[in-house]
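Novice: Let's see this in three dimensions:
(chains A and B)
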2 protein chains.
Amino acid sequence: MTNDQPEQRDPHPATALDDVVHQRVRLGILTVAHQARRVEFGFLRTALGLTAGNLSQHLTVLEKAGLIAVEKGYEGRRARTWLTLTPAGERALREEVAQLKRLIHQFEQGGAPAR
Amino acid sequence: MTNDQPEQRDPHPATALDDVVHQRVRLGILTVAHQARRVEFGFLRTALGLTAGNLSQHLTVLEKAGLIAVEKGYEGRRARTWLTLTPAGERALREEVAQLKRLIHQFEQGGAPAR
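Specialist: Have a look, this model is predicted:
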């Protein structure tokens, strides 16, 4: 292959990101759940500025992937949904953060000066 | 609103991410273009492990958003496509990286110990 670009030695960090975790809203959900340990649906919706429908869709993706556990119950007479990261979710988020750090490092190593 | 969670003072960094830039493949394209300044289509395809069709689709999104400039020409007798980040693309990538750093900082501040 004719190519005047330098060879890349390692796979680019972007190739190691997992869309299930990396997607903007889901990354937000996982980060808030990581920080809060156990987070209530309404709180999460407000913190991330989402509609209930949109949040539910993303929670379904995360639950099917085994990254969060969903718990339904009552607070007084009000139905509530709480979620927690599973150990697999905690690992997946750590891996995402590790790859993002590699990507940021590559960003900061090269490129044009700030304009 | 009944809520036993602490109030968040600032908007969560995930709410400030832009899907055009944050999407996994496009974040890869922008990072490689930032590093290489001017990057050839085939090189980018190999570096990110993409099909030509998939790469083209993402380049169209980035070009329409004004984040990259696409240049077609020849290298000898072979048709080539090169791309460069526009100043707006450079700014958008810097903003993405700044929000990712905030998110990583929040991740590292809180949460359960490593399992």
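Novice: So the spatially most central residue of chain A versus residue B:35, what's the distance?
Specialist: Nearest to the geometric centre of chain A sits residue A:27, at 2.1 Å (Cα atoms, centre = their mean). With distances taken as Cβ to Cβ, to the nearest Å, residue A:27 is found 23 Å from residue B:35. (Glycine included, C-beta is placed from N, CA and C.)
Novice: Below-threshold pLDDT in chain A: ranges please.
Specialist: Chain A contains residues with pLDDT under 70 at A:1-9, A:111-115.
Novice: Next SSE downstream of the helix or strand harbouring the residue nearest to the centre of chain A?
Specialist: Assigned by DSSP states H and E, residue A:27 belongs to helix A:24-36. Sequence order places strand A:39-40 as the next helix or strand after helix A:24-36, per DSSP H and E.
Novice: hey, where'd the strands end up in chain A?
Specialist: A:39-40, A:68-75, A:78-85 (DSSP state E).
Novice: and the longest helix along chain A with strand A:78-85, angle?
Specialist: Criterion DSSP state H: the longest helix present in chain A is helix A:87-109. If you take axes from the mean of the first three to the mean of the last three Cα atoms, to 10 degrees, helix A:87-109 sits at 60 degrees to strand A:78-85.
Novice: what's helix A:87-109 packed up against?
Specialist: helix A:19-22, helix A:24-36, helix B:24-36, helix B:87-109 (3 or more Cβ pairs under 8 Å, 6 or more residues apart in numbering or on different chains; DSSP states H and E).
Novice: Swap in 6 Å and give it another go.
Specialist: The contact analysis (3 or more Cβ pairs under 6 Å, 6 or more residues apart in numbering or on different chains; DSSP states H and E) places helix A:87-109 against helix B:87-109.
Novice: mind listing what's buried in the helix it packs on?
Specialist: The neighbour-count check on helix B:87-109 (16 or more other Cβ atoms under 10 Å in any protein chain shown) flags B:89-90, B:92-93, B:96-97, B:99-100, B:103-104, B:106-107 as buried.
Novice: now those residues in JSON lines, with distance to residue B:78?
Specialist: Formatted as JSON lines, those follow (distance: Cβ to Cβ, whole Å):
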{"residue": "B:89", "distance to residue B:78": "26"}
{"residue": "B:90", "distance to residue B:78": "29"}
{"residue": "B:92", "distance to residue B:78": "31"}
{"residue": "B:93", "distance to residue B:78": "29"}
{"residue": "B:96", "distance to residue B:78": "33"}
{"residue": "B:97", "distance to residue B:78": "34"}
{"residue": "B:99", "distance to residue B:78": "39"}
{"residue": "B:100", "distance to residue B:78": "37"}
{"residue": "B:103", "distance to residue B:78": "42"}
{"residue": "B:104", "distance to residue B:78": "41"}
{"residue": "B:106", "distance to residue B:78": "47"}
{"residue": "B:107", "distance to residue B:78": "45"}
